[in-house]
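Colleague: sequence first, then the predicted structure:
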Amino acid sequence: MISTAMAARMNAQINRELYSAYFYLGLSAQAEAANLKGTAAWFMAKHGEEMTHSLKMYRYLIDQDAAVQLSAVAAPPGEAAGVLDMFERTLAHEREVTAAINNLVDHALSEKDHATSVFLQWFVTEQIEEEATVNDILGRLRRFGDQGQALLMIDNELSAIAKQMKQLAASAGAGA
């Protein structure tokens with residue numbers, strides 16, 4: 001059974017995951033307003049992923065016979081200065097999430113809570129992928145720019161990635 005302290009930390013992480021979903025929903029809306037449909041779709045797909053992450057943790061707490069305690073979700077930051085700024089914010093945010101997940105793992109290990117440690121390993125791996133993906137997008141934006149034809153190319157690429165993300169999420173949901 002999970003300790004009260006570990007459950008409280010997991011509940012805080014559920015809140016962080018819900019905030020992440022809200023963060024990406026806000027960026028999707030900004031991209032929509034800028035007529036960047038591919039970028040908006042990518043951020044919307046990220047919104048869905050973060051909701052899935054929060055529900056995984058929710059289910060884990062329920063399965064551990066621990067109380068789920070939802071709290072208020074903070075508003076996402078204001079308007080970004082452009083697509084490059086959106087992805088710089090995204091990388092900074094994902095690094096914060098990585099640190100929070102690592103802190104959870106450290107706490108689980110300090111409690112010798114092997115079940116929670118094993119559960120969290122999926123999230124550790126997921127964060128490696130999250131940061132690498134955003135670093136790749138940032139590399140393209142920095143190299144080719146976030147204006148004109150370069151932005152159109154990147155926006156189209158993000159649209160294709162978003163479609164793949166949706167397909168993967170749908171196939172993962174079908175297997176559940």
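Modeller: Cool, got the structure.
Colleague: can we go C-alpha only for contacts and neighbour counts from here?
Modeller: Will do.
Colleague: pLDDT weak spots in the chain?
Modeller: 172-176 (pLDDT under 70).
Colleague: who's in contact with the most centrally placed residue in the chain?
Modeller: Nearest to the mean C-alpha position of the chain, by C-alpha atoms, centre = their mean, lies residue 50 at 4.5 Å. Residues in contact with residue 50 (C-alpha atoms under 8 Å, 6 or more residues apart in numbering) are 17-18, 20-21.
Colleague: pull the most distant pair out of these.
Modeller: 17 and 21 (6.3 Å; C-alpha to C-alpha).
Colleague: so residue 18 is in which element?
Modeller: helix 4-33 (DSSP states H and E).
Colleague: may I see the buried residues of that helix?
Modeller: Within helix 4-33, the residues that qualify as buried by neighbour count (16 or more other C-alpha atoms under 10 Å) are 6-31.
Colleague: quick one on the thing from earlier: shared neighbours of residue 17 and residue 21, anything?
Modeller: Common neighbours of residue 17 and residue 21, using C-alpha under 8 Å, 6+ apart, are 50-51.
Colleague: this protein: helices as residue ranges?
Modeller: Secondary structure of the chain (DSSP state H): helices at 4-33, 37-63, 83-110, 114-144, 148-174.
Colleague: and the angle from the first one to helix 83-110?
Modeller: Read it as helix 4-33. 170 degrees (axes from the mean of the first three to the mean of the last three C-alpha atoms, to 10 degrees).
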